[in-house]
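Asker: here is my input; please provide its structure:
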Amino acid sequence: MTIQPVPPDEDQRLARLASLGLVYSPAEERFDRITRLTHRSLGVPVALITLLAEECNWFKSAQGTSVDQQPREMSFCSHAIMGNDIFTIPDTLLDPAFADNPLVKGEPFIRFYAGQPIMYKGSPMGALCIIDFMPRRLLFSENETLCTLAKCVESELTLSVLSQEQIQLLTELDEAKRQSLIDPLTKLWNRHGMDMLAEREMMGAERHRQPVSVMMIDVDYFKQINDRFGHPAGDIVLREVAQRIRSAVRPSDVVVRYGGDEFFVLARDCPDKLAA
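Answerer: Just a heads-up that it's a prediction; the model follows:
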């Protein structure tokens, strides 16, 4: 397998990536919206927003796969961030640099990859990339679409839409600690993350004299889904429920997978009628 390239400004790049606090952070609808549009408009099985950290390639948003990261040494995005334009591999089996990659030789058997670097303060943070399991070539219009959508991701990187308390917690912790607070299935905060956030959020609400709404949500008849269709089907249902909750609440609200089929939402400055 080809040795992974390293950008000349790697230390500065990693410092800028760390300042964003996005690696091992909860999934956000604003990024999922972009990968959904990429997935549908370009007709590919997989669309990803990747952030290339020191040891891994973290998927901030993913459509078409439940995997949330991969080792950096297997990453296609390591190559994509070395330039400014779209990096394309029309057929991985015909490319000596990628034919022996474990992700090509084995699951998920990648045959096509295209990634547009995502820039922040002059450094590439990762890529908006698309994957197919058969060879293909992008049309000029498809290249333009991928570039345009990558610019949308770059715009989102300049915004902080989580609550101040969530941002503060993410920036205080290193990547390993943040990973322990994120539910790997739904990419929501897990119960431990909620424990760390709840007191901060309540104190912030008190300080700003804001009302707080707390919602508990569970999936009816979830055990029957697992019993009838198996746990993999149950996992698909939980990921879909998590995505629908994210899309229904505000970006600043705290969304948690409390456990099993139970979800928790803490919403500050949210009137009773809106919460209902």
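
Asker: all the helices of the stretch 51-200 of the chain, residue numbers only.
Answerer: Counting by DSSP state H, counting those that start in this stretch, the stretch 51-200 of the chain has helices at residues 77-80, 102-105, 140-157, 164-172, 175-179, 191-207.

Asker: residue 65 is nearest to which of those?
Answerer: When the helices of the stretch 51-200 of the chain are compared by CB to CB, helix 102-105 sits nearest residue 65, at 11.1 Å. C-beta here means a position set from N, CA and C on the backbone, and glycine is covered the same way.

Asker: name the residues of the closest one that are buried.
Answerer: Using 16 or more other CB atoms under 10 Å as the test for burial, helix 102-105 gives 103, 104.

Asker: where along this structure do the strands fall?
Answerer: 46-52, 56-63, 69-71, 87-89, 112-120, 123-132, 212-218, 254-259, 262-268 (DSSP state E).

Asker: if we can go back for a sec, can I get the helices of the stretch 51-200 of the chain in a markdown table including distance to residue 132?
Answerer: Below are the helices of the stretch 51-200 of the chain laid out as a markdown table (distance: least, CB to CB, whole Å):
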| stretch | distance to residue 132 |
| --- | --- |
| helix 77-80 | 15 |
| helix 102-105 | 12 |
| helix 140-157 | 12 |
| helix 164-172 | 33 |
| helix 175-179 | 29 |
| helix 191-207 | 34 |
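
Asker: quick revisit: could the strands of the chain go into TSV alongside mean pLDDT and distance to residue 237?
Answerer: Shown next, in TSV, are the strands of the chain (pLDDT from 0 to 100; distance: least, CB to CB, whole Å):
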stretch	mean pLDDT	distance to residue 237
strand 46-52	97	20
strand 56-63	95	17
strand 69-71	92	23
strand 87-89	97	34
strand 112-120	97	30
strand 123-132	97	24
strand 212-218	90	12
strand 254-259	93	13
strand 262-268	92	12
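
Asker: which residues does residue 119 contact?
Answerer: 125, 154 (CB atoms under 8 Å, 6 or more residues apart in numbering).

Asker: please repeat the previous calculation with a cut-off of 7 Å.
Answerer: Neighbour list for residue 119: residue 154 [criterion: CB atoms under 7 Å, 6 or more residues apart in numbering].

Asker: tell me how far it lies from residue 150.
Answerer: In this view, residue 119 and residue 150 are 9 Å apart by CB to CB, to the nearest Å.

Asker: where does pLDDT dip in the stretch 1-150 of the chain?
Answerer: Along the stretch 1-150 of the chain, segments meeting pLDDT under 70 span 1-2.

Asker: apply 80 and report the result again.
Answerer: Along the stretch 1-150 of the chain, segments meeting pLDDT under 80 span 1-4.

Asker: in a markdown table: the strands of the chain, plus distance to residue 247.
Answerer: Listed next are the strands of the chain as a markdown table, based on distance: least, CB to CB, whole Å:
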| stretch | distance to residue 247 |
| --- | --- |
| strand 46-52 | 16 |
| strand 56-63 | 13 |
| strand 69-71 | 23 |
| strand 87-89 | 31 |
| strand 112-120 | 22 |
| strand 123-132 | 20 |
| strand 212-218 | 14 |
| strand 254-259 | 10 |
| strand 262-268 | 12 |
